[in-house]
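Enquirer: coordinates only, no sequence provided:
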C-alpha cells in the first residue's frame with residue numbers, strides 16, 4: 001500500500017493526466033478541466049464554503065471541499081457507502097460527483113486517490129483521450 005494521500009497530491013495527479021488544464025468553472029471556481037481549452041469539462045473542483053455544505057456536528061460550512069466527478073450514480077454510491085471520507089449533500093443529489101474534505105485525504109492512500117481522480121477524468125474526457133490513456137496503462 002502506498003503512503004497516505006495529501007492535499008497537494010490532487011494537483012500533481014490532475015496535472016499528470018493528458019490534456020488537462022487548471023482553470024475555472026461555474027464562474028470563478030478553481031477547477032481541473034479536460035480537454036485543455038475552451039471546451040474543457042471539470043473533473044475536480046475546489047468548492048468554496050457554501051451554506052449547502054455544513055458539518056453535521058459543528059454546523060460550520062466546510063471550507064476545504066473537493067468535488068470529484070463520478071461516471072454514474074453507481075460509482076457515486078460505491079464511494080459514499082462504507083467507511084470512506086467521501087460523501088454527498090442534497091445540492092449534488094442529481095449530479096454524478098462526490099465530495100471530500102482535503103483535511104481527510106490522508107484517510108486514503110495515494111493509490112486510492114489516484115484511482116478516484118483517474119476515474120473522474122475518464123468520466124468527462126473525450127473518448128479518444130480515454131482510449132489513448134487506457135491503452136498506455
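Expert: Happy to help now that I have it. Keep in mind the model is a prediction, meaning the values are calculated, not measured.

Enquirer: tell me where the protein has strands.
Expert: Remark: strands assigned in the chain by DSSP state E are 21-25, 29-34, 41-47, 65-69, 97-101.

Enquirer: just for this protein, where's the confidence low?
Expert: Filtered on pLDDT under 70, the chain yields the residue ranges 1, 137.

Enquirer: in the lengthiest helix in it, what counts as buried?
Expert: Ranked by residue count and defined by DSSP state H, the top helix of the chain is helix 110-124. Within helix 110-124, the residues that count as buried by 16 or more other C-beta atoms under 10 Å are 110, 112-114, 116-124. Where C-beta positions appear, they are placed from N, C-alpha and C, glycine not excepted.

Enquirer: what do you get for stretch 34-44?
Expert: Going by neighbour count (16+ other C-beta under 10 Å), the buried part of stretch 34-44 is 34, 35, 40, 41, 42, 43, 44.

Enquirer: kindly report the same for stretch 60-68.
Expert: Residues of stretch 60-68 classed as buried by neighbour count (16+ other C-beta under 10 Å): 62, 65, 66, 67, 68.

Enquirer: mind putting those residues in TSV, distance to residue 87 included?
Expert: As requested, these are arranged in TSV below (distance: C-beta to C-beta, whole Å):
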residue	distance to residue 87
62	10
65	10
66	11
67	11
68	11
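
Enquirer: now, which of these sits nearest residue 17?
Expert: Within the buried residues of stretch 60-68, the smallest distance to residue 17 is 13.2 Å, found for residue 68 (C-beta to C-beta).

Enquirer: can I get the strands of the chain in CSV including distance to residue 84?
Expert: As requested, the strands of the chain are exported to CSV (distance: least, C-beta to C-beta, whole Å):
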stretch, distance to residue 84
strand 21-25, 25
strand 29-34, 21
strand 41-47, 17
strand 65-69, 12
strand 97-101, 8
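
Enquirer: show me what the spatially most central residue of the chain is bridged to.
Expert: Nearest to the geometric centre of the chain sits residue 68, at 2.1 Å (C-alpha atoms, centre = their mean). In this entry, residue 68 is beta-bridged to residue 44, residue 98, by DSSP bridges.
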